[in-house]
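Engineer: Take this sequence and fold it.
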Amino acid sequence: MLKVYKPTTPGRRDTSVVVTRDLAPNKPLKSLTKYIKSNAGRSFGQVTVRHQGGGVKRTYRVIDFRQQIFDIPAKVLSIEYDPNRSCWIALISYANGIKAYIIAPDNLKVGDKIIFSKSKLDINIGNRMPLKYIPDGYMVHNIELFPDQGGKIVRSAGTGAMVMVHENGMVQLKLPSKEIRIVSEDSCASMGVISNPERKHIRWGKAGRMRKRGIRPSVRGKAMNPCDHPHGGGEARNSIGLVHPKTPWGKPALGVKTRKKHKSSNKFIIKRRK
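Structural biologist: Next comes the predicted model:
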């Protein structure tokens with residue numbers, strides 16, 4: 001649920017946040033966290049990634065994307081906020097006492113029982129099994145591109161892929177980008193859509209909130225001098241003076257395809273997103 005602030009100040013106007021009062025107020029499990037040093041967009045003091053730097057310090061939660069403790073039921077202990085990703089995470093405890101963090105699907109609640117298996121399971125939110133046992137039309141997330149590789153795609157808030165067709169040992173998936181891709185039917189996927197679907201509607205409101213996220217200001221190239229950007233220079237406001245826009249280093253920009261033409265995984269893509 002979104003909370004929209006009243007415009008008591010210019011920074012509050014149109015600002016909104018996702019309400020987190022239903023999440024666990026406790027700190028993350030210490031054994032499943034680690035410290036990751038922020039490089040702040042710099043390498044040896046030199047800016048290597050523009051527009052990144054600063055931000056609030058964060059403890060990294062170790063997420064189990066592989067989920068390979070099979071056929072042992074697990075109980076959801078808590079649904080928690082994770083500052084390192086857009087969705088919520090769930091702390092689960094297996095029947096053998098092992099605890100782990102996983103990506104929380106939407107509508108997963110504390111006390112629910114989930115299970116991961118290489119065999120056929122009930123179609124319940126949070127269960128994980130090979131794609132060959134998931135019927136057409138169901139939504140899945142945290143999908144393996146290759147068997148036993150661990151979940152690689154569809155891991156952001158509010159996203160889910162639709163199982164479309166089973167044929168010749170492969171499964172067609174319609175990804176959130178509308179791309180249609182084939183994956184081995186032995187690859188595992190988790191049932192349901194990922195939590196926190198309202199995140200895409202957040203209005204950040206002011207620059208200070210972006211700085212806390214580690215995002216620094218960006219300047220238009222045409223507002224720079226010619227020595228700083230190909231779009232720079234000229235008197236007053238005018239066009240960039242080029243047929244096509246360029247990056248600060250003179251490479252084509254804005255809408256140019258960056259995927260390699262002969263990439264080995266092209267054979268798995270049936271329909272591109274554009």
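
Engineer: ok, now how distant is the spatially most central residue of the chain from residue 196?
Structural biologist: For the chain, residue 156 is the residue whose C-alpha lies nearest the centre (CA atoms, centre = their mean; 3.0 Å). Separation of residue 156 from residue 196 (CB to CB, to the nearest Å) stands at 9 Å. (Each C-beta comes from the backbone N, C-alpha and C, glycine too.)

Engineer: Give the buried residues for stretch 146-158.
Structural biologist: Going by neighbour count (16 or more other CB atoms under 10 Å), the buried part of stretch 146-158 is 151, 153-158.

Engineer: Give me the mean pLDDT for it.
Structural biologist: Here stretch 146-158 scores 96 as its mean pLDDT.

Engineer: swap in stretch 233-242?
Structural biologist: 90.

Engineer: closest to residue 200 among the buried residues of stretch 146-158?
Structural biologist: Nearest to residue 200 among those, counting by CB to CB, is residue 158 at 6.2 Å.

Engineer: What's the separation between the residue nearest to residue 32 when sequence neighbours are not counted and residue 117?
Structural biologist: Counting by CB to CB, 6 or more residues apart in numbering, residue 32 lies nearest to residue 62, which is 4.9 Å off, once chain neighbours are set aside. Separation of residue 62 from residue 117 (CB to CB): 23 Å.

Engineer: cool, residue 129 as well?
Structural biologist: 5 Å.

Engineer: Would it be right to say that residue 31 lies in a strand?
Structural biologist: No. Counting by DSSP: H, G, I helix; E, B strand; the rest coil, residue 31 is not part of a strand but helix.

Engineer: Count the residues that sit near it.
Structural biologist: Per other CB atoms under 10 Å, the neighbour tally for residue 31 reads 8.

Engineer: what sits against it?
Structural biologist: By CB atoms under 8 Å, 6 or more residues apart in numbering, the contact set of residue 31 is residue 99.

Engineer: now residue 234
Structural biologist: Contacts of residue 234 (CB under 8 Å, 6+ apart): 222, 241.

Engineer: Show me where the stretch 101-250 of the chain has its strands.
Structural biologist: Assigned by DSSP state E, counting those that start in this stretch, the stretch 101-250 of the chain shows strands spanning 113-114, 128-130, 139-141, 161-167, 170-174, 180-184, 188-191.

Engineer: List the beta-bridge partners for the nearest residue to residue 67 once chain neighbours are set aside.
Structural biologist: When the adjacent residues along the chain are set aside, residue 67 lies closest to residue 116, with 4.8 Å between them (CB to CB, 6+ apart). Residue 116 has the following beta-bridge partners by DSSP bridges: residue 128.

Engineer: farthest residue from the center of this protein?
Structural biologist: In the chain, residue 235 marks the outermost C-alpha relative to the chain mean, sitting 42.2 Å out by CA atoms, centre = their mean.

Engineer: Next, count neighbours for residue 25.
Structural biologist: Neighbour count for residue 25, taken as other CB under 10 Å: 9.

Engineer: I meant residue 134, not that one.
Structural biologist: Neighbours of residue 134 (other CB under 10 Å): 24.

Engineer: Tell me what the closest residue to it other than its chain neighbours is bridged to.
Structural biologist: In space, and not counting its chain neighbours, residue 134 is closest to residue 163: 5.3 Å by CB to CB, 6+ apart. Note on residue 163: beta-bridge partners residue 173, judged by DSSP bridges.

Engineer: re earlier: out of the strands of the stretch 101-250 of the chain, which gets nearest to residue 12?
Structural biologist: Nearest to residue 12 among the strands of the stretch 101-250 of the chain is strand 139-141 (34.1 Å), distances taken as CB to CB.
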